[in-house]
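> next input, structure requested:
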Amino acid sequence: MILDLRTIYVVSAMTCLVLGSVHLAAYWTGRFGRWPAWWGISNLLIGIGSLCVSLRNFVPSFVSLDVGNVVTIAGYLLTFFSVRVFAERLVDKRYCALAVAGVSLPVLLFTVDPAAVSARIFYVSIVCCLCDLAILREGAAIHRREKLFSAGLLAWLYAPTAAIFLARSLFAASGQIAGPGAFGDSVVHGWMGATAVVFFALRSVVIVLMAAERSRSKLIDLAHRDPLTGALNRGGLAQRLPFKRAQSFALLAIDIDNFKQLNDQHGHVLGDDLLRLFVRVAQTMLRPSDLLSRQGGDEFLAVLKDMTDAEAVQTAESMRLAFSAAVRQVSGLTVFPTLSIGVATSGETDVDFEQLLRKADDALYASKRRGRNRVEASEGEQAA
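Below you'll find the predicted structure:
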C-alpha cells in the first residue's frame, strides 16, 4: 500500500503547528523558562516548511521548494538548540543564527533544478539525521546528569527517527525514492514519513514530561535542603543514605567552636555567613558521593562512603585546617571559630546507623573536652 506523501506532509504540518502554538502559549505563562519558546518556534517552522512542501505544484516552486526546505531545516536545527536550552546550557543567539543559516541555505543549491529530487532529499535527510543524533546525545546527557527518566525516553525517541532519516538518505542516494511524481512516491518513502509524524508528536509530549519531572525533582531537593547553607537537612540525609548492609562508611560529627560567642560579638548576619563559609569549605574536602547535612544550629554531619579509618580522620583534619585558614581571611573578626570533629567508621560488618552516629557524637564530645579545634576518633581509630 502506497501512502500519499502530500497528505502526510499536511498532517505533519498541522501537527507541528498545533504543538508549536501550545508550547508558545506555555512559554507566555512564565512558568516554564525559555525552552518552550525555542521548542514552539522550532515546531512552527517545521510546520510552515512542511505545509509549503505539501503545496508543491499548487504554489510557485520558490515557495514549495526554496522556502519550504529552508524553513523546515531551520526548524529542525532549532529543535537541537531547544534541547540545549532545556539542559540549561549556554546558547548564543548569534552563533545559533549563523548555524541555522549555514546549514539551511545550502539546500537552495538543490532547488535550482526542480527535478533534482534525490539530491534534495539526500541533503535534508542527512541534516535531520545528524540533528537527531545530536539531540539523542543531549537527552542522554540530561538523563545521566539529572537522573530524569523522561530524558532517557526522549533520547530513545530520537534513535528511530535518526535511523529513518539515515535510511531515507541512502534510498535517495541510490535513486529509490525519487520518481516522476512531485514527491518521488514509493511505499518505503510513504511509510517512513508516516512513522516520523508519530515520533514528532511523541517527542513534544515527552519534553513536557521532562519539565514536569525536573520540577518535581527540584521541589523534593528544596524540601530536603537547609535553606540557609544549602546542605542537606535531616530528612534529606535520611532519603539519600545509599549505603547497603556490609558496606563500609564513615561519619564525621562536626561542631563549630565558639559560634555563640561569634553571634554575640558580631551578630547573626555574620554568623550566617560563617555557616555558609563552612559548607563551602567542607564541600571542597568531600567527594561527589559524600553527603553533608546540617543537623541544627552549628552542628553538621558528613557521611563518607567506602572510606577507611585513617582516610576518614585525614579528611576531617584537612577540613579543620581548611576552615581555620578560610576564617582567618574574614576581615574584622575578633572571635575565630574552629572545628571540633568526631569520627566513627562502620567497617565491613552490619552496623546500625544510629549506633554509629552515637559513636561519632561521643568522639565529638571528647574533642570538646580535650580543648576543641581538634579531630577525635572513636575507639579503635586513630585521632589526628
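> quick one: low-confidence ranges for the stretch 51-200 of the chain?
Residues of the stretch 51-200 of the chain meeting the criterion pLDDT under 70: 111-116, 177-193.
> show me the strands in the stretch 201-350 of the chain, by range?
249-257, 291-296, 299-305, 338-345 (DSSP state E, counting those that start in this stretch).
> quick one: the last one to strand 299-305, angle?
Strand 338-345 and strand 299-305 are oriented at 40 degrees to each other (axes from the mean of the first three to the mean of the last three Cα atoms, to 10 degrees).
> quick one, which of the strands of the stretch 201-350 of the chain gets closest to residue 27.
strand 291-296 (36.7 Å; Cβ to Cβ). Backbone N, C-alpha and C define where each C-beta goes, glycine included.
> contacting residues around residue 263?
270, 271 (Cβ atoms under 8 Å, 6 or more residues apart in numbering).
> that one and residue 298, how far apart?
9 Å (Cβ to Cβ, to the nearest Å).
> do the same with residue 61
75 Å.
> then residue 168?
Residue 168 is 64 Å from residue 298, by Cβ to Cβ.
> higher neighbour count, these two?
Set residue 168 next to residue 298 and count neighbours by other Cβ atoms under 10 Å: residue 168 wins out with 24 against 21.
> next, the more buried one: phi, psi?
phi -60, psi -40 (degrees, to the nearest 10).
> so the residue lying closest to it once chain neighbours are set aside is in which element?
Once flanking residues are discounted, residue 168 sits nearest to residue 125: 4.2 Å by Cβ to Cβ, 6 or more residues apart in numbering. Using DSSP states H and E, the element containing residue 125 is helix 117-146.
> in terms of secondary structure, what does that helix contact?
helix 68-86, helix 149-173, helix 187-223 (3 or more Cβ pairs under 8 Å, 6 or more residues apart in numbering; DSSP states H and E).
> go again with 10 Å.
helix 35-54, helix 68-86, helix 93-104, helix 149-173, helix 187-223 (3 or more Cβ pairs under 10 Å, 6 or more residues apart in numbering; DSSP states H and E).
> as CSV, the ones you listed with distance to residue 338 would be great.
Output for the helices and strands packed on helix 117-146, formatted as CSV (distance: least, Cβ to Cβ, whole Å):
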stretch, distance to residue 338
helix 35-54, 46
helix 68-86, 45
helix 93-104, 50
helix 149-173, 44
helix 187-223, 31
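> give me the most central residue, the protein.
Most central residue of the chain, judged by C-alpha distance to the mean C-alpha position with Cα atoms, centre = their mean, is residue 142 at 3.7 Å.
> ok, it - contacts?
Each residue near residue 142 by Cβ atoms under 10 Å, 6 or more residues apart in numbering is listed here: 83-84, 86-89, 148, 150-152, 154-155, 210, 214.
> go with 6 Å
By Cβ atoms under 6 Å, 6 or more residues apart in numbering, residue 142 lies in contact with 87, 148, 151.
> from those, which is closest to residue 343?
The closest of the contacts of residue 142, once distances to residue 343 are taken by Cβ to Cβ, is residue 148, at 36.1 Å.
> shaky segments in the stretch 251-384 of the chain?
In the stretch 251-384 of the chain, residues with pLDDT under 70: 347-351, 379-384.
> try 50 this time
382-384 (pLDDT under 50).
> got a pLDDT number for residue 202?
Residue 202 is assigned 88 on the pLDDT scale.
> so how far is residue 131 from it?
From residue 202 to residue 131 the distance is 17 Å (Cβ to Cβ).
> and the two? Which one has more around it.
residue 131 (22 against 15).
> skipping adjacent residues, who's closest to the residue nearest to the centre of the chain in space?
Nearest one to residue 142, counting by Cβ to Cβ, 6+ apart, is residue 151 at 3.9 Å.
> so how far is residue 364 from that neighbour?
41 Å.
> try residue 72
Taken as Cβ to Cβ, the span from residue 72 to residue 364 is 65 Å.
> and the helices in the stretch 251-384 of the chain?
259-266, 268-285, 309-328, 353-369 (DSSP state H, counting those that start in this stretch).
> so for residue 138, which of the ones you listed sits nearest?
helix 268-285 (27.5 Å).
> mind listing what's buried in the closest one?
Buried positions in helix 268-285, judged by neighbour count with 16 or more other Cβ atoms under 10 Å: 270, 271, 274, 275, 277, 278, 279, 281, 282, 283, 285.
> for stretch 25-36, same thing?
Applying 16+ other Cβ under 10 Å to stretch 25-36 flags 26, 27, 32, 35, 36 as buried.
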